[in-house]
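In: Model the structure of this input:
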Amino acid sequence: MLYTPKDETAAYACLSHCWGEKSIQVTTMENFARYSTGIPCEDLPLAFQHAIEFAYYLGLRYLWIDSLCKL
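Out: Coordinates of the predicted model:
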């Protein structure tokens, strides 16, 4: 789920990656509301899924992924 912080600070991890030639999942004005309620994990690229699992393993609550947070 996308989260918009409100005057708060918290630890987080970042995933920045080469987008390459392939179409990558991005946040747009059209899908922002839907992504804010949840993004099915199986809809995400494997690299995103691994980053989510690793952030969770590290005990982090937030993960910033450049293509999903570019809006």
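In: In the chain, what residue spans correspond to helices?
Out: All helices of the chain, identified by DSSP state H, fall at 32-37, 46-57.
In: right, and Gln25 touches Ala47 too?
Out: No: counting by CB atoms under 8 Å, Gln25 does not reach Ala47; the two are 10.7 Å apart. Yep, even glycine has a C-beta here, placed from its N, CA and C like the rest.
In: Can you name the residues that contact Tyr12?
Out: Contact partners of Tyr12, counting by CB atoms under 8 Å, 6 or more residues apart in numbering, are Ala55, Leu60, Arg61, Tyr62, Leu63, Trp64.
In: Could you dump those into a markdown table and include pLDDT, distance to Asp7 and neighbour count?
Out: What follows is those, written out as a markdown table (pLDDT from 0 to 100; distance: CB to CB, whole Å; neighbours: other CB atoms under 10 Å):
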| residue | pLDDT | distance to Asp7 | neighbour count |
| --- | --- | --- | --- |
| Ala55 | 95 | 22 | 20 |
| Leu60 | 95 | 20 | 14 |
| Arg61 | 91 | 17 | 11 |
| Tyr62 | 91 | 15 | 12 |
| Leu63 | 92 | 20 | 20 |
| Trp64 | 90 | 17 | 14 |
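In: how about the strands in the protein?
Out: 12-15, 62-65 (DSSP state E).
In: of all those, which lies closest to Thr37?
Out: Thr37 sits nearest to strand 62-65 of all the strands of the chain, at 16.7 Å, using CB to CB.
In: and the closest one, which strands flank it?
Out: Strand pairing for strand 62-65, determined by DSSP bridges: strand 12-15 (parallel).
In: any idea of the mean pLDDT for the strand it pairs with?
Out: On average, the pLDDT along strand 12-15 is 91.
In: Buried ones in it, by neighbour count?
Out: Neighbour counts over strand 12-15 (16 or more other CB atoms under 10 Å) mark Ala13, Leu15 as buried.
In: I'm done for today, thanks for sticking with me.
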